[in-house]
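Undergrad: predicted model follows, preceded by the sequence.
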Amino acid sequence: MDSVSLAESSRIIRSGGPNAAANAAHNTPRQVHHDRLSLQRRAPSTLRRHLARAVGRFAVLLTTDLAAFAILRELYRSVGEGALLGDWIGNTLRQLLPAGYLDGWQYALALVLGLIVTGNYGAGDRRRDAARLFWGCALATALPLWAPLWERGLGLVAAQYSVTTVVVWLGLVAVRFGIDAMDARLVNRTPASARTILIGAAQECADLASRAAFAPRGDHLVLGVVDTAATPNPRALGGLSELTTLIQEHGVETVVICGHLSDSELHDVVEQSITAGCHLFSVPRTFEVAGVQPSVVWTRGQPLVELTAQTLKAQQFAIKRVLDVAGAFLGLVLLAPLLLLLSAIPTLHSPGPEIFPHPHIGTGGRPFWMLKFRTMVDGAEEMKPLVAHLNHSGDPRLFKIPHDPRISRVGKWMRRWSLDELPQLWNVLKGEMSLVGPRPFPESDFMEYQVHHFARLGAKPGISGLWQVSGRSDLVDFEEVVALDTKYVREWSLLLDVKILLKTIPAVIRRQGAV
């Protein structure tokens with residue numbers, strides 16, 4: 001493949017325009033490269049919209065639940081004081097629900113925790129599930145009753161528990177279903193709905209689009225159909241060969257498969273949708289697709305199978321970013337004296353700058369300058385062709401020399417203990433890298449990427465990662481490194497990050513694979 005600059009690649013992608021679909025039909029390696037890169041770059045904005053929608057849903061539901069509790073709290077006070085239903089009912093209510101229970105905001109906190117634990121703030125029909133709401137209220141009511149159980153006896157506490165659970169549950173059901181009814185009649189929610197395309201035979205997609213799950217002012221705004229027929233229906237947005245272009249042109253956020261696809265077609269749809277950061281659903285069928293985790297989501301009575309890669313959960317990306325910022329800031333503050341000392345070391349062995357910035361590729365193919373303390377003589381990059389024959393991996397994309405003559409004696413010491421990588425904490429703080437992630441690769445290798453290599457661009461490159469705790473420079477097979485990075489992207493979790501960080505320290509102490 002001819003080598004072109006990353007800036008030129010970006011220009012070609014941006015200039016796809018109305019001819020992009022026609023060009024895609026040629027399916028040249030360079031066009032496949034550009035199409036995949038364009039989807040990668042679209043993913044962050046799509047994920048941000050998904051996150052904003054999830055936060056908005058949570059905020060609305062939390063507000064309505066607290067409002068329902070506030071109304072019940074005032075009703076309790078009015079009835080308990082005898083002002084609303086008389087003294088007899090007021091006295092009975094005070095016996096069942098003593099002061100400090102429903103009229104205290106401690107129960108409100110327990111209610112929110114109970115609803116979170118039982119999944120009442122999830123997507124789809126979870127927020128409308130009366131049974132799920134009941135169990136959330138039951139758990140919330142149980143939380144404050146542990147101490148009174150020993151003071152008042154089982155009988156009275158059981159009565160308090162039952163009455164409180166039923167009363168709060170009825171209040172929440174009434175408020176939540178009332179919000180849905182008001183929303184359906186008064187509020188135009190189309191701008192807040194996910195921009196959705198349906199993939200399948202035109203008639204099957206039309207039948208699905210007519211169901212309540214895709215009704216106006218719902219969770220999905222159906223933009224049109226991508227017809228799987230050899231000759232697409234004239235009223236369809238286009239055919240499967242144009243999916244990449246359609247996702248970009250229409251700002252698609254959700255893809256729904258509503259018909260049968262061959263294994264190769266399904267693989268392509270999954271790859272392109274997940275690469276673009278879209279939520280991917282299907283009407284129920286049997287799936288065995290690598291890299292996705294099928295789960296059923298009910299939307300107004302319609303079951304949909306969500307085929308979502310673990311890393312596509314926008315909330316998880318947000319949590320990871322918060323932890324990265326906290327960790328990088330804390331590291332920079334605590335290590336500030338060491339960083340100042342290390343910054344003076346490179347100039348002791350050879351003239352030149354203290355920091356060596358090198359162009360690397362980040363999330364979605366975006367270039368950034370990765371920072372390291374300089375461990376080589378100034379101008380070492382220009383000397384690279386002269387020592388290429390010493391590369392023990394034999395692959396220019398995995399350039400490692402065990403005894404690189406360009407590295408100074410002090411530089412070898414810094415590399416052995418990975419001290420040269422500490423400036424990358426600044427890259428993490430800026431959002432260009434993560435504490436844990438795929439191995440960062442130089443920009444010069446980017447144009448040699450094959451299609452399956454792009455999966456590793458679904459996460460920010462990391463200071464540490466599976467590649468490091470699995471042997472670091474001992475890995476001499478580029479495909480093995482890519483496989484580790486892809487595994488990390490597909491199986492990411494906070495627990496996995498913690499495990500990698502805990503393994504990183506022993507790996508550095510043992511100087512495992514360091515050069």
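TA: Nice, thanks for sending it over.

Undergrad: where along the stretch 201-350 of the chain do the strands fall?
TA: 220-227, 238-239, 254-257, 279-282, 293-299, 302-308 (DSSP state E, counting those that start in this stretch).

Undergrad: give me the sheet partners of the second one and which way each runs.
TA: Using DSSP bridges, the strands paired with strand 238-239 in its sheet are strand 220-227 (parallel).

Undergrad: in PDB, list the C-alpha atoms belonging to the partner strand.
TA: Extracted in PDB, the C-alpha atoms of strand 220-227 (Å, rounded to 0.1, in the frame of the first residue of the first chain):
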ATOM      1  CA  HIS A 220     -36.200   5.600  18.400                       C
ATOM      2  CA  LEU A 221     -36.500   8.000  15.400                       C
ATOM      3  CA  VAL A 222     -36.600   5.700  12.400                       C
ATOM      4  CA  LEU A 223     -34.800   7.400   9.500                       C
ATOM      5  CA  GLY A 224     -35.400   4.600   7.000                       C
ATOM      6  CA  VAL A 225     -34.500   1.200   5.800                       C
ATOM      7  CA  VAL A 226     -31.300  -0.400   4.500                       C
ATOM      8  CA  ASP A 227     -32.600  -3.000   2.100                       C
END
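
Undergrad: average pLDDT for it, rounded please.
TA: Mean per-residue pLDDT for strand 220-227: 90.

Undergrad: any idea which of the strands of the stretch 201-350 of the chain is most buried?
TA: Across these, the average number of neighbours (mean count of other C-beta atoms under 10 Å) peaks for strand 254-257, which reaches a mean of 26. The C-beta positions use only the backbone N, C-alpha and C, and glycine is treated the same way.

Undergrad: in its sheet, what does that strand sit against?
TA: Partners of strand 254-257 in the sheet, by DSSP bridges, are strand 194-200 (parallel), strand 279-282 (parallel).

Undergrad: now these in TSV, with mean pLDDT?
TA: Shown next, in TSV, are the strands paired with strand 254-257 (pLDDT from 0 to 100):
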stretch	mean pLDDT
strand 194-200	91
strand 279-282	86
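
Undergrad: which one of the ones you listed lies nearest to Asp87?
TA: Evaluated with C-beta to C-beta, the strands paired with strand 254-257 place strand 194-200 nearest to Asp87, the distance being 53.6 Å.

Undergrad: show me how far that closest one is from its chain's centre.
TA: Distance of strand 194-200 from the chain centroid (C-alpha atoms, centre = their mean, to the nearest Å) equals 20 Å.

Undergrad: about what we covered before: can the strands paired with strand 254-257 go into a markdown table with extra columns for distance to Pro506?
TA: Shown next, in a markdown table, are the strands paired with strand 254-257 (distance: least, C-beta to C-beta, whole Å):
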| stretch | distance to Pro506 |
| --- | --- |
| strand 194-200 | 44 |
| strand 279-282 | 38 |
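
Undergrad: ok, back up a step: with distance to Ile500 added, can I get the strands of the stretch 201-350 of the chain in CSV?
TA: What follows is those, written out as CSV (distance: least, C-beta to C-beta, whole Å):
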stretch, distance to Ile500
strand 220-227, 37
strand 238-239, 42
strand 254-257, 31
strand 279-282, 27
strand 293-299, 20
strand 302-308, 22
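
Undergrad: out of the strands paired with strand 254-257, flag the one nearest Ile319.
TA: For Ile319, the closest of the strands paired with strand 254-257 is strand 279-282, at 18.3 Å, according to C-beta to C-beta.
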